[in-house]
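S.K.: Generate a structure from the sequence data that follows.
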Amino acid sequence: MARNPGMTDEKIIELYKSGLSYEKLCTIIGLSDRGIRNVLIKHGVELRPIGRRRIHKVNEDFFKTWSHEMAWVLGLFITDGHVNSKVHSICLSQKDETILMKVAKLMDANPTIAQPSGTRTTPMLIINSKTIKEDLERLGVTPNKSHNVPFPDVPDQFMPAFIRGVIDGDGWVQNRGYVMNITTASELFAGGLFTVFQKWNLRTEITSEVTQSKKTIYRVWVKGKQDLPKLADIIYDGAGDLYNKNKKVRMIKHQYTAEFEQAILELE
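M.R.: Okay, here's the model as predicted:
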């Protein structure tokens with residue numbers, strides 16, 4: 001049997017760890033169960049007995065009702081998530097594996113985390129659920145979403161948590177704490193972010209550039225040593241431990257300086 005197009009060793013390992021049966025794996029991959037096992041053994045993947053399908057526990061109602069936790073996780077999936085077009089699985093990649101563990105805990109999911117392999121350089125949480133996949137697609141997380149993902153209709157009370165998830169996913173905060181940006185290939189999503197930052201009275205702008213592959217990417221900025229602490233006050237209020245620690249530390253670097261300068265202005 002010959003592999004189906006696009007079935008790299010990395011993809012085979014990802015599909016195997018999603019919990020699919022060997023019967024389904026053979027159909028999708030185009031190899032016999034023996035061929036699949038040979039790939040897995042070559043990469044040191046622990047094998048499960050043939051015929052035994054890994055049972056995935058997950059709260060399938062997680063994305064049906066808005067909450068601060070759901071909004072944060074949605075922000076992560078919209079930026080760093082992936083919906084598989086061929087099987088009922090979703091994936092979330094993050095450099096910080098503790099973020100993946102927190103997401104799994106919030107979703108009551110068995111934490112199936114694939115370690116970096118081949119061209120993939122970050123750990124990846126895999127959840128196998130048709131319901132979760134359909135709910136994420138309804139919210140805009142679809143296969144090949146990068147260039148057309150819309151800005152979701154997030155209720156105002158959950159917007160700070162959603163933006164925190166987006167920043168934890170595709171946000172960059174300067175070490176010096178003066179600027180932050182979020183990178184996206186979707187003009188619609190960039191416009192939605194810009195509108196939110198304007199509504200929060202932050203110093204914001206959108207820039208764009210064309211990549212070597214002739215695709216346009218957008219960066220939505222928040223700038224200023226007073227504006228970043230102001231953004232932090234909004235998105236980290238009540239966040240508990242649901243955030244990327246390094247980004248928060250950079251964002252609040254000038255917090256007390258900004259508060260002092262504001263107090264001086266009020267006295268004048």
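
S.K.: and the closest residue to Asp168 other than its chain neighbours, what are its phi and psi?
M.R.: In space, and not counting its chain neighbours, Asp168 is closest to Asn244: 4.4 Å by Cβ to Cβ, 6 or more residues apart in numbering. Where C-beta positions appear, they are placed from N, C-alpha and C, glycine not excepted. The phi and psi torsions at Asn244 (degrees, to the nearest 10) take the values phi -80, psi 120.

S.K.: cool, and Asn128?
M.R.: phi -100, psi 100.

S.K.: isn't it right up against His88?
M.R.: Yes. Counting by Cβ atoms under 8 Å, His88 is a contact partner of Asn128 at 6.4 Å.

S.K.: The two: which has the busier surroundings?
M.R.: Taking other Cβ atoms under 10 Å, Asn128 and His88 do not tie; Asn128 has more neighbours (23 against 17).

S.K.: what comes up buried for stretch 15-25?
M.R.: For stretch 15-25, the neighbour count (16 or more other Cβ atoms under 10 Å) marks 15-20, 22, 25 as buried.

S.K.: so which of those comes closest to Gln198?
M.R.: Each of these was checked against Gln198 using Cβ to Cβ; the closest is Ser18, at 40.2 Å.

S.K.: give the contact list for the nearest residue to the closest one once chain neighbours are set aside.
M.R.: Once its chain neighbours are removed from consideration, Ser18 has its nearest residue in Ser89; the separation is 4.2 Å (Cβ to Cβ, 6+ apart). The contact partners of Ser89, taken as Cβ atoms under 8 Å, 6 or more residues apart in numbering, are 15, 18-20, 126-129, 133.

S.K.: again, but for His254
M.R.: His254 touches 177-178, 225-226, 228-229, counting by Cβ under 8 Å, 6+ apart.

S.K.: Test for you: state the pLDDT assigned to it.
M.R.: Per-residue confidence for His254 comes out at a pLDDT of 85.

S.K.: How much space separates it from Thr183?
M.R.: For His254, the distance to Thr183 (Cβ to Cβ, to the nearest Å) stands at 23 Å.

S.K.: now Ala104
M.R.: Here the criterion is Cβ to Cβ. By it, Ala104 lies 26 Å from Thr183.

S.K.: Likewise for Gly44?
M.R.: From Gly44 over to Thr183 the distance is 34 Å, taken as Cβ to Cβ.

S.K.: neighbour-wise, which of these two wins?
M.R.: More crowded of Gly44 and Thr183, by other Cβ under 10 Å: Thr183, with 15 against 7.

S.K.: what's that one sitting at in phi/psi?
M.R.: The main-chain torsion angles of Thr183 are listed as degrees, to the nearest 10 and equal phi -100, psi 130.
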